[in-house]
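Asks: sequence unknown, structure follows:
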């Protein structure tokens, strides 16, 4: 399991150690591609934003490649694999405040345990039923679906809230153009002291 | 507020003279700048200009029959409408308020005012929402920062009340469309639910639906609602009260809107008024993506008849853990009265 200081999160995202014995499980067959948005320019700009903003570092499960840990782009943006079982996360202490799973899609810290969402347009487990308005509200408010629970670390919603509406629309156009992949990401787990 | 309302206010014994003038005075500070929030509550028009301890004339007290749970804090609510304006009631259940409408809601703990929230329709497509925080001696309330103030006062052991951020205000109220949530035909109905959870009796002078209709503040006036005021239609008093609770606490999001938002189970006020039992049945055994502990994997349902602990609705209503609680914001303390009522209602469904 990868661990790191919160302040070195970005470094850890790229360099998290992955056990060589890690095994991978399919999250489901790829479904037919969604309808391509009317304006490819917006979709392409959304793809560009996804690349430069590092969305794949958390929303795409990591694998061990020839150059070390890297996002497994055959599972691009499918979120934390539903069938990837994790033992309870290591408690914070001795200067450590968070830990990350080998897939770099699950994170444990003072906020409990968070799991990266499935951003493909699967209607049941991804963004398939989301509206553009809801996606914008989520980015702007830092709340799930724009009005639900708070989005948890390490999602940098403080940064994303500064995106323009058009940037967010382009991101949404690109995500909706992906092939929907069924992968039901677990709900977040609250810290023990607030669970009841 | 309109002249006819003024007459009613006088008749009701309220201190009111020349309401048109008074409302104009009440709205005057906002007229200084139609987009900027005043820095002090006293400049929002809630209080008489020459007496900050008195509610301004033309500002009316109202009391929704099904209150939103706010962790047991005491609340008072007021509304003011611009002079000679009316509320567009073309949609009887989704009123469109005139520009300049203001709502205030005051939160107190043990008699001490904590904050007063303002919802102000400052332009046709914009509701501005903000909170004013009271000082310790209750003499002034100052505009809170846009990001809110976390944990400003302890309201239960280990639980602290927070001044909401403006984006959190918009999460429930909507930044442009929705506006007030507790001021509608059902909430102001004169056919009030005597078993409403946390319901309070109306005081003389509080604004009601009948008064809004009688004085044509609603346009067009839904006069048929005078004889048949809105009521959650069911012969079961417990069903009526729990659905009223859902209307006040949940349906600002779970409202079956037409925007296609997948916010899980939804109910509509219209359905509750037509046949509440039928509406309630849509929740029973309805699959939920949220997993209840103890339910078979992916077999969770919103309401499991006879088993509150296997019902997502009950478990999330009871929870105050951040990632599972419902509502997801605006409350950090369990509502024990609601928990008892919902537990009894779900248990009774098996009979």
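Replies: Received it, and whenever you're ready, just let me know what you need. Source: prediction; values computed, not measured. Numbers count the residues shown, from 1 in each chain, chains lettered A, B, ... in the order given.

Asks: the helices in chain B, which residues?
Replies: Using DSSP state H, the helices of chain B run over B:3-11, B:19-32, B:166-173, B:209-214, B:224-227, B:237-249, B:269-274, B:276-281, B:312-318, B:336-348.

Asks: so which of the ones you listed comes closest to chain A?
Replies: helix B:166-173 (4.1 Å; Cβ to the nearest Cβ). Where C-beta positions appear, they are placed from N, C-alpha and C, glycine not excepted.

Asks: give the contact list for residue A:75.
Replies: A:27, A:60, A:61, A:81, A:181 (Cβ atoms under 8 Å, 6 or more residues apart in numbering or on different chains).

Asks: for residue A:70, helix, strand, or coil?
Replies: Under the three-state scheme (DSSP: H, G, I helix; E, B strand; the rest coil), residue A:70 adopts strand.

Asks: distance check, it against residue A:76.
Replies: 12 Å (Cβ to Cβ, to the nearest Å).

Asks: tell me which residues touch the residue nearest to residue B:87 when sequence neighbours are not counted, please.
Replies: Leaving aside its sequence neighbours, residue B:87 sits nearest to residue B:95 (Cβ to Cβ, 6 or more residues apart in numbering or on different chains; 4.9 Å). By Cβ under 8 Å, 6+ apart, the contact list for residue B:95 reads B:87, B:88, B:89, B:183, B:184, B:185, B:218.

Asks: give me the neighbour count for the last one.
Replies: In other words, residue B:218. Here the number of neighbours of residue B:218 (other Cβ atoms under 10 Å in any protein chain shown) works out to 22.

Asks: do the fourth one as well
Replies: The tally of other residues near residue B:183 (other Cβ under 10 Å) stands at 21.

Asks: that one and chain A, how far apart?
Replies: 20 Å (Cβ to the nearest Cβ, to the nearest Å).

Asks: sheet partners, orientation included, of the longest strand along chain B?
Replies: Secondary structure of chain B per DSSP state E: the longest strand is strand B:112-123. In the sheet, strand B:112-123 lines up against strand B:102-109 (antiparallel), strand B:126-134 (antiparallel) (DSSP bridges).

Asks: out of those strands, flag the one nearest residue B:222.
Replies: Nearest to residue B:222 among the strands paired with strand B:112-123 is strand B:102-109; the distance by Cβ to Cβ comes to 20.7 Å.

Asks: what sits against residue B:275?
Replies: Residue B:275 is in contact with B:233, B:234, counting by Cβ under 8 Å, 6+ apart.

Asks: give me the pLDDT for it.
Replies: The model reports residue B:275 with a pLDDT of 97.

Asks: again with residue B:188
Replies: Listed pLDDT for residue B:188 reads 98.

Asks: next, give phi and psi for it.
Replies: Main-chain torsions, residue B:188, degrees, to the nearest 10: phi -100, psi 0.

Asks: for it, which non-adjacent residue is spatially closest?
Replies: Leaving aside its chain neighbours, residue B:188 sits nearest to residue B:209 (4.2 Å; criterion: Cβ to Cβ, 6+ apart).

Asks: that neighbour contacts residue B:191, correct?
Replies: No: counting by Cβ atoms under 8 Å, residue B:191 is not a contact partner of residue B:209; they are 9.1 Å apart.

Asks: identify the contacts common to the two.
Replies: Common neighbours of residue B:209 and residue B:191 (criterion: Cβ under 8 Å, 6+ apart): B:229, B:230.

Asks: give me the more crowded residue out of the two.
Replies: Neighbours were counted for residue B:209 and for residue B:191 using other Cβ under 10 Å; residue B:209 has more, 23 against 14.

Asks: what's near enough to touch that one?
Replies: Residue B:209 makes contact with B:185, B:188, B:189, B:190, B:225, B:229, B:230, according to Cβ under 8 Å, 6+ apart.

Asks: the second one contacts residue B:207, correct?
Replies: Translated: residue B:188. Yes: taking Cβ under 8 Å as the definition, residue B:188 is a contact partner of residue B:207 at 6.9 Å.

Asks: list, one by one, the residues from chain A near chain B.
Replies: Counting by Cβ under 8 Å from any Cβ of the partner chain, chain A comes close to chain B at A:112, A:124, A:129-131, A:133-134, A:137, A:140-150, A:152, A:184, A:187-190, A:194-196.

Asks: report the buried members of the residues you listed.
Replies: Among those, those buried by neighbour count (16 or more other Cβ atoms under 10 Å in any protein chain shown) are A:112, A:130-131, A:134, A:137, A:140-150, A:152, A:184, A:188-190, A:194.

Asks: filter the residues you listed down to the ones in strands?
Replies: Those of those mapping onto strands are residue A:112, per DSSP E.

Asks: tell me the contacts of residue B:37?
Replies: Contacts of residue B:37 by Cβ under 8 Å, 6+ apart are B:118, B:120, B:128, B:130, B:143.

Asks: as TSV, those residues with pLDDT would be great.
Replies: Formatted as TSV, the contacts of residue B:37 follow (pLDDT from 0 to 100):
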residue	pLDDT
B:118	97
B:120	95
B:128	93
B:130	94
B:143	97
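
Asks: so can I have TSV of those residues showing distance to residue B:199?
Replies: Listed next are the contacts of residue B:37 as TSV, based on distance: Cβ to Cβ, whole Å:
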residue	distance to residue B:199
B:118	25
B:120	27
B:128	30
B:130	28
B:143	32
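
Asks: now the two most distant members of those.
Replies: Farthest pair in these, by Cβ to Cβ: B:120 and B:143, 12.1 Å.

Asks: so which of those two has more stuff around it?
Replies: Using other Cβ under 10 Å, the more surrounded residue of residue B:120 and residue B:143 is residue B:120, with 25 against 17.

Asks: OK, contacts around that one?
Replies: Residue B:120 makes contacts with B:30, B:37, B:44, B:101, B:102, B:103, B:127, B:128, B:129, as judged by Cβ under 8 Å, 6+ apart.

Asks: where does chain A dip in pLDDT?
Replies: Applying pLDDT under 70 to chain A flags residues A:1-38, A:91-92, A:193-196.

Asks: again, 50 this time
Replies: A:1-36 (pLDDT under 50).

Asks: could you report the pLDDT at the residue of the stretch 1-150 of chain B at minimum distance from chain A?
Replies: Residue nearest to chain A within the stretch 1-150 of chain B (Cβ to the nearest Cβ): residue B:147, separated by 10.4 Å. We note a pLDDT of 92 for residue B:147 in this prediction.

Asks: neighbours around it, how many?
Replies: Counted with other Cβ under 10 Å, residue B:147 comes out at 12.

Asks: surely it and residue B:165 touch.
Replies: Yes: with contact defined as Cβ under 8 Å, residue B:147 reaches residue B:165; the gap is 5.0 Å.

Asks: residue numbers of the stretch 101-250 of chain B in contact with chain A?
Replies: So the stretch 101-250 of chain B meets chain A at B:167, B:168, B:170, B:171, B:172 (Cβ under 8 Å from any Cβ).
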